[in-house]
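Asks: show me the folded form of this:
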Amino acid sequence: MSSDRPTRRIIAVAPMPPEKSAYALARYSRSPDSIEQSIKWVHGHSSEKFWEQFYFDYGHASIADLGHVIICFEEITELAAIRLEDEPVWDGQAKSSRYQNFASGGWYVPDAIHGSETEGTYHGILRSLGEIYRLLHEPLVTYLSEREPRPPSMKPDTYQRTIAARAFDVTRYLLPLACKTNVGQVVSIRTLEKQITRLLSSQLPELRMIGEDLKDACQRPPMNVWGELCGQTAGLNEPMAPTLSRYARANDYQATVYTDLARYAKEALLGTGLDHADTWGTCDAVELIDPHDPIDETVATLLYRVSHAPYRRILGVVRDWTDKQKQDTIAVALSRRGSYDELPKEFRSGYAFTFDVLMDIGGWRDMHRHRRCQQIQQNFTTAHGYDVPAPLIEARLDGEYRQAMDAVRADIEQLKKVNGEAALYAIPFGFKVRCLFKMDFAEAEYIAKLRSGVKGHWSYRNIAWLMKEKLTQRYPMLGVHVQATSPDIEDTLTR
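Replies: Numbering: from 1, shown residues only. Below you'll find the model as predicted:
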């Protein structure tokens, strides 16, 4: 006789070391045992042997999605933070340059220029940016306070914080990629292993050093401030992901694919005019690319990644190429690919909406957070010029800003001839970066609605609005369903 009593159980499991929890859940899905029994079983068996056999030998990578870690990166550069976040399956946040003062954070100096004359030039560029960053803040606070007086309903301290944040919205255009920041992330240990491998494969020494430090952090007992505050003593000494991090190493394919492509593209595009900014013509901040052949898309995207030219111009060249020229480009991108190497993200094609966006680095940093799309970012450069924030013009403070940015641009171009790494770190947020965003309609609607809201920064508000306009022009029946806010509608005191 069956019982009418329900047997359903919904159980919240307390945090465990990530490799242990993933092991327990993997076993739980492959046995008739309860979760309690699975955890007890795992406690008495070696998780290291399990990971070596199933993750590395058998390739059951999905089991590593079952264990998560919290990792914090402190005193890294903004450039490094951007590269940390280049994971499609990633959750985290960086210290906000919109709401915090970065004036005293210090700058990163590449090891390659330590003790050289170049270091003096480098410090000179960053010092000038820092001085203007500090000098403009108070005049901007004064101007914004006069333009937007505190409403009676708003508390004075809240008002002051909001006005200060709006001033930082402007002065952050002067922050270089070398400025220091903090990043906190929550990732699966599968994503963590990929991240470590990608960092160790980077061309930038800072990223390789972060990769090594990340491996080391995963093999040591984690910080457990919360547990100590709560009086916990058990389980404090187990490393977070010792096995996965120990096996993570640099990947030859990842380390060489883009340098190979850049070398090839330089020759393949010679004489097309795509290697000179003055031949590109007028470029819109947002272009919605016409639908086109997937082979042309793949080839154009590969070339776009190692170029600074607009996607539309590259596509125009590629369309006229022979099949062999297109095949040669793809072959370069795949020539060193091993049997276990994933295709580079430039091969993630076929999305209905492809936007080529040209915007300031600071605003792009916020757009970079979107995960439900494919982003192909070109390398940072001063070739596209810089944006001038409207509040600076309105407050008649743009002269000092332009003078500083023009001088910095000239200095960076000279520095680039001596040390490209240092020149890269010296580029301020106000200079423009080009990035391809490929997505479906749902993500286009989401970005346009979210990023155009009055709480947002004017830079990405404008980009989001232009995305909505371009989409509506092309597909009116879809555009009417995109609820975006015009950048003409402002509310400075909304955060």
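
Asks: stretch 315-325: end-to-end distance?
Replies: 13 Å (C-alpha to C-alpha, to the nearest Å).

Asks: run the chain-centre distance for that stretch.
Replies: 31 Å (C-alpha atoms, centre = their mean, to the nearest Å).

Asks: show me what that stretch is in contact with.
Replies: 268-269, 272, 274, 289, 292-293, 296-297, 299-300, 303, 326 (C-beta atoms under 8 Å, 6 or more residues apart in numbering). From N, CA and C alone the C-beta is placed, and that goes for glycine too.

Asks: closest one to Asp411 out of those, please.
Replies: Leu274 (26.6 Å; C-beta to C-beta).

Asks: ok now do that closest one, which residues does it touch?
Replies: 280, 307, 309, 313-314, 317.

Asks: does it sit in a helix, a strand or a coil?
Replies: coil (DSSP: H, G, I helix; E, B strand; the rest coil).

Asks: let's number from 556 now, not from 1
Replies: Got it, first residue is 556 now, which makes that one Leu829.

Asks: of the contacts of stretch 870-880, select the buried ones using a PyMOL command.
Replies: Of the contacts of stretch 870-880, the buried ones go into a single PyMOL selection, burial set by 16 or more other C-beta atoms under 10 Å:
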select buried, resi 823+824+827+829+844+851+852+854+855+858+881
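
Asks: out of the contacts of stretch 870-880, list just those in helices.
Replies: 823, 851-852, 854-855, 858, 881 (DSSP state H).

Asks: that older thread, nearest to Ala577, of the contacts of Leu829?
Replies: Of all the contacts of Leu829, Ala577 sits closest to Ser862, with 40.6 Å by C-beta to C-beta.

Asks: could you report the neighbour count for Asp815?
Replies: Neighbour count for Asp815, taken as other C-beta atoms under 10 Å: 16.

Asks: so the closest residue in space to Val1035 that isn't next to it in sequence is in which element?
Replies: Spatially, and ignoring its direct neighbours in sequence, Val1035 is nearest to Thr1027 (7.3 Å; C-beta to C-beta, 6 or more residues apart in numbering). Element membership for Thr1027, per DSSP states H and E: helix 1013-1029.

Asks: who does that helix touch, helix- and strand-wise?
Replies: strand 841-843, strand 908-915, helix 916-922, helix 996-1006, helix 1031-1034 (3 or more C-beta pairs under 8 Å, 6 or more residues apart in numbering; DSSP states H and E).

Asks: next, the buried residues of the fourth one.
Replies: Buried residues in helix 996-1006, counted by 16+ other C-beta under 10 Å: 998-1003, 1006.

Asks: for it, give me every contacting residue.
Replies: Under C-beta under 8 Å, 6+ apart, the answer for helix 996-1006 is 907-908, 910, 921-922, 925, 927-928, 992, 994, 1011, 1015-1016, 1018-1020, 1022-1023, 1026, 1033, 1036-1039.

Asks: hang on, isn't the residue nearest to Val1035 packed against Gly1034?
Replies: Yes. Counting by C-beta atoms under 8 Å, Gly1034 is a contact partner of Thr1027 at 2.7 Å.

Asks: now for Ala981: which residues touch it?
Replies: Applying C-beta under 8 Å, 6+ apart, the residues contacting Ala981 are 677, 680-681, 731-733, 963, 966-967, 970.

Asks: burial of His1041, as a residue count?
Replies: Actually, residue 1041 is Ser. It isn't His. 13.

Asks: surely it is within a strand?
Replies: No. Judged by three-state DSSP, Ser1041 forms no part of a strand; its state is coil.

Asks: what's the nearest residue to it if we skip its chain neighbours?
Replies: Here the residue nearest Ser1041, using C-beta to C-beta, 6+ apart, is Trp1020, at 6.1 Å.

Asks: quick one: Lys575 and Gln592, what's the gap?
Replies: 15 Å (C-beta to C-beta, to the nearest Å).

Asks: which one of the two has more residues nearby?
Replies: Lys575 (18 against 14).

Asks: which helices and strands sit right next to the host helix or strand of the more buried one?
Replies: If you go by DSSP H and E, Lys575 is part of helix 573-583. Judged by 3+ C-beta pairs under 8 Å, 6+ apart, the packing partners of helix 573-583 are helix 590-598, helix 602-605, helix 744-755, helix 797-802.

Asks: pLDDT weak spots in the stretch 906-1050 of the chain?
Replies: 1050 (pLDDT under 70).

Asks: so what's Val912 up against?
Replies: 840-841, 919, 922, 989-992, 1018.

Asks: the same query, at a cut-off of 7 Å, please.
Replies: Listed by C-beta atoms under 7 Å, 6 or more residues apart in numbering, the contact set of Val912 reads 840-841, 990, 992, 1018.

Asks: repeat for Arg753
Replies: Gln809.

Asks: got the confidence number for the closest residue to Glu767 other than its chain neighbours?
Replies: Once flanking residues are discounted, Glu767 sits nearest to Leu755: 7.2 Å by C-beta to C-beta, 6+ apart. Listed pLDDT for Leu755 reads 97.

Asks: burial measure for Leu755, as a count.
Replies: Based on other C-beta under 10 Å, the number of other residues close to Leu755 is 21.

Asks: neighbours of Glu703, how many?
Replies: 16.

Asks: my guess is it contacts Leu1048. True?
Replies: Yes. Using C-beta atoms under 7 Å, Glu703 is in contact with Leu1048, at 5.9 Å.

Asks: where does the stretch 556-705 of the chain dip in pLDDT?
Replies: In the stretch 556-705 of the chain, residues with pLDDT under 70: 556-559, 609-610, 612-615, 660.

Asks: which residues in it form strands?
Replies: Applying DSSP state E, counting those that start in this stretch to the stretch 556-705 of the chain gives strands spanning 623-632, 646-649.
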